[in-house]
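Participant: quick one, what's the 3D model for this:
(one chain, ligands or ions: 1)
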Amino acid sequence: MQIGIIGTGYVGLVTGACFADLGHTVLCIDNNKEKIAQLKKGKVPFYEPELEGLVMTNIGEKRLAFSTSIAECVKKCEIIFICVGTPPLPNGEADLSAIEHVCIEIANHMKRYHLIVEKSTVPVKTGEWVQQTLKKHVRKGVQYDVASNPEFLREGSAIKDAAHPDRIILGVASDRAAMLLVKLYEPLNAPLLITDIKSAELIKHTANAFLALKISFINAVANVCERTGANVMKVAKGIGMDKRIGQDFLSPGIGYGGSCFPKDVSAYIKLCEKIGYDFKLLKEVEIINYNQRRSIINKLKAALGKLRGKKIALLGLAFKPNTDDMRGAASLDIIKILQKEKASIAAYDPVAMKNASHVVKNVMFCKDVYSSLEGADAAIVVTEWGEFSHLDLPRAKKAMKKPIIIDGRNIFEPKKMQKLGFKYWGVGHSK
Ligand code: UGA
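Facilitator: Next comes the predicted model:
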């Protein structure tokens, strides 16, 4: 099948490369000329394991191509996926202007039947609005369908998630749209749920909100553990053994970040306000999340006293391991607070330092983790990169001015750290 993908961010590029790998012919579109020029050479503009190889292979096999022309995409492709960004507006609502712009351009070029599929995360009822926008601009007599096919891939494991999804959600309003999408996904052999468009849109938003809720829930329990002497890791394991609860997304820590959970929880709250429902539970999810950042600083102050003039090493900057994405990263909140308290910051991240240097100032970026620890009054583990768990701890201790570690991701064993002479604080267990 001939597939068009508009928007070559995480979702668009990974989806395009995976469809091509399934044997479909894919044309990916972006309005960023430089990005498209690089992609034509197989250069992926962000760090995602396995993606560059997949893009290269499929360009080589002539199944994957890139262009800046929506007109070309509409001419060649019957099914067009909209994968452009829906960033938050200052009031927390999702900004749908890029979707609107793309819809108008698609409509202006449509001469035969097309299936327009929303893959970007959008508030419920966006499909209706897409339908109306297309109707306003499309030539008389041209047939089309709108569908919602949300994506559930995670950064850092995007290829695996897209190639082996738990489920494919197809929100459709016609049999023709359903049949096209079922055929498209057939080679994946994944469980399918065919539903209406609004429910599909809400499934995506609700899945992210629920996962964020799980994280905030276990972080709230971590606070209970710190005040009672229980161990949150054990509690998470114990409750997760109940199949109804499950082990996933119960890792306590510094709070969720990224380009999805913070934006989607806040857009969900806004959407509910608009329809007259006060979703207080989700508001609390946000509050708990931010308090986790603050709680790291409180532990640092308990260990060090005043932070003015102290050198703090940050281990990790990206919002999670295996990505260079800094959007919504906990490190940004931590840096802001530390700088307000006049501490100096030395940071190391295996892949995110370049991106970080575009969004933070007055941070010393170090060539390796031991350089960041050199002369540090304390270190904070912000991102649980594998290399930090395998740190040469005696060497780290020697490099530091004071052996204080605030572990925002519980990567170290408290007893071992104490034995090695560290003053160690994790999340959700007494010291
Ligand atoms: C998330 C969802 O997991 C995907 O299913 C969804 O497709 C994607 O958003 C999206 O909407 O595009 P992603 O943001 O890439 O994926 O990353 P996650 O692995 O979900 O992690 C999000 C944040 O939660 C990270 O900051 C991570 O450190 C944090 N987290 C995750 C925890 O603090 N504890 C956990 O147990 C799990």
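
Participant: switch to C-alpha atoms for all contacts and neighbour counts from now on
Facilitator: OK.

Participant: can you pull out the helices in the stretch 201-350 of the chain?
Facilitator: Using DSSP state H, counting those that start in this stretch, the helices of the stretch 201-350 of the chain run over 232-240, 261-274, 280-304, 330-340.

Participant: which residues outside the second one are in contact with it?
Facilitator: Residues outside helix 261-274 that contact it (C-alpha atoms under 8 Å, 6 or more residues apart in numbering) are 87-88, 92-94, 123, 205, 208-209, 212, 256, 278-279, 282-283, 286, 328.

Participant: one more: the first one?
Facilitator: Taking C-alpha under 8 Å, 6+ apart as the criterion, the residues outside helix 232-240 that touch it are 218, 221-222, 225, 245-248, 250-252, 427-429.

Participant: coming back round to it: most packed of the helices of the stretch 201-350 of the chain?
Facilitator: Burial of the helices of the stretch 201-350 of the chain is given as mean neighbour count (mean count of other C-alpha atoms under 10 Å); helix 261-274 ranks first at a mean of 20.

Participant: please tell me I have it right and Ile82 contacts Ile5.
Facilitator: Yes. Contact criterion C-alpha atoms under 8 Å: Ile82 and Ile5 qualify, at 6.2 Å.

Participant: who touches both of those two?
Facilitator: Among the neighbours of Ile82, those also in contact with Ile5 (C-alpha under 8 Å, 6+ apart) are Gly12.

Participant: closest to Gly16 out of the helices of the stretch 201-350 of the chain?
Facilitator: helix 261-274 (23.0 Å; C-alpha to C-alpha).

Participant: average pLDDT for that closest one?
Facilitator: If you average the pLDDT over helix 261-274, you get 94.

Participant: count of residues packed around the closest residue to Cys260 other than its chain neighbours?
Facilitator: Distances taken as C-alpha to C-alpha, 6 or more residues apart in numbering put Asn208 closest to Cys260, at 7.6 Å, once the chain neighbours are dropped. Around Asn208 there are 21 other residues, counting by other C-alpha atoms under 10 Å.

Participant: got a list of what Asn208 touches?
Facilitator: Counted by C-alpha under 8 Å, 6+ apart, Asn208 has contacts 260-261, 264-265.

Participant: for the ligand, what are the nearby residues on the stretch 301-431 of the chain?
Facilitator: When proximity is defined as C-alpha under 6 Å from any ligand atom, the stretch 301-431 of the chain approaches the ligand at 319-320.

Participant: what ranges do the strands span in the stretch 301-431 of the chain?
Facilitator: 311-315, 344-348, 363-365, 378-381, 404-407, 423-425 (DSSP state E, counting those that start in this stretch).
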